[in-house]
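>>> Here's a sequence, model it:
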Amino acid sequence: MAPWTRRQQKLLEVGCGPGRFLQFFWESGFDVTGLDASPAMLELARERLEHRADLHLGQAEHLPFRDKEFDVVALLTLLEFCSDPDQVISEALRVARKAILVTFLNRHSLYAVARRSSLRSGKKGFLDKARWFSWWQINSLIWKQAGSRPMHSRSVLIGPQRTWSAKSGWRKLNCRLWPPYLGAYAGVRCDLVGDTPLTPIMAWKEKAKLRPMEQPASSGANRSKPDNHQLL
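Have a look, this model is predicted:
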């Protein structure tokens, strides 16, 4: 998202949960709106952001907004827990004017391999029911709904989960941007218009940092959303 103009730009996060990503986007310069299917999650987001975000109760498959109402729409680790990913992407494209951002857990990463091994050994976790996608699958889902559009993809966290600590020797490798099929956490940006990318001067004044993992709260936007704020 570094190339995007953010001042006076409206961003919608679908499935915002307790608002951790909304806070990040607000601090990055966007005017933010969040939608979630859980009143409890929206209350947590309201406590976190107060008047800084416009919050709505609703479903990802049927967004209560006008066509092209937002400059950017973000779907962050949301499709993994949706029964109809095509409809969710279609709705995101409908209300977006400039771009959509889709992040997902990469099924071909070392992290995914370790998760599958844990499931076989009987260990349970909040990702048990998640649908893991590959970069090719996400690209295909977006292409099917948006047609031929410029898309840009990257991933982070190339190492297994035990290396994600900020003190790990893998830190530089995990923070580096990799091709989308390598890292555990990947993102695809689909551009809908041809505006010249600009970055506000102070938008990235700090280097990327790994943050401590938190046990995520259960969100009602068609899934239990993991807290991947530390991955951004």
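>>> measure residue 31 to residue 56 for me?
Distance of residue 31 to residue 56, computed by C-beta to C-beta, to the nearest Å: 14 Å. (C-beta placed from N, C-alpha, C; glycine too.)
>>> Wait, residue 153 touches residue 187, no?
Yes: at 6.8 Å, residue 153 counts as touching residue 187 under the criterion of C-beta atoms under 8 Å.
>>> dump the residue contacts of the closest residue to residue 132 other than its chain neighbours.
Using C-beta to C-beta, 6 or more residues apart in numbering and skipping residues adjacent in sequence, the residue nearest residue 132 is residue 107, 3.7 Å away. The neighbours of residue 107, taking C-beta atoms under 8 Å, 6 or more residues apart in numbering as the test, are 132, 133, 134.
>>> now that we have the residues you listed, which one has the most neighbours?
residue 133 (22 neighbours; other C-beta atoms under 10 Å).
>>> Which strands border the helix or strand hosting residue 103, and is each parallel or antiparallel?
Residue 103 belongs to strand 96-105 when assigned by DSSP states H and E. Paired strands of strand 96-105, with direction, are strand 70-76 (parallel), strand 185-191 (antiparallel) (DSSP bridges).
>>> Just name the most buried of those.
For these, the largest average neighbour count (mean count of other C-beta atoms under 10 Å) is found in strand 70-76, namely a mean of 26.
>>> In CSV, could you pull the C-alpha coordinates for it?
Taking Å, rounded to 0.1, in the frame of the first residue of the first chain, the C-alpha atoms of strand 70-76 are listed here in CSV:
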residue,chain,number,x,y,z
PHE,A,70,-14.6,4.4,-0.9
ASP,A,71,-11.3,5.0,-2.5
VAL,A,72,-9.8,1.7,-1.1
VAL,A,73,-11.4,-1.4,0.3
ALA,A,74,-9.4,-3.8,2.5
LEU,A,75,-10.2,-7.5,3.0
LEU,A,76,-7.6,-8.6,5.6
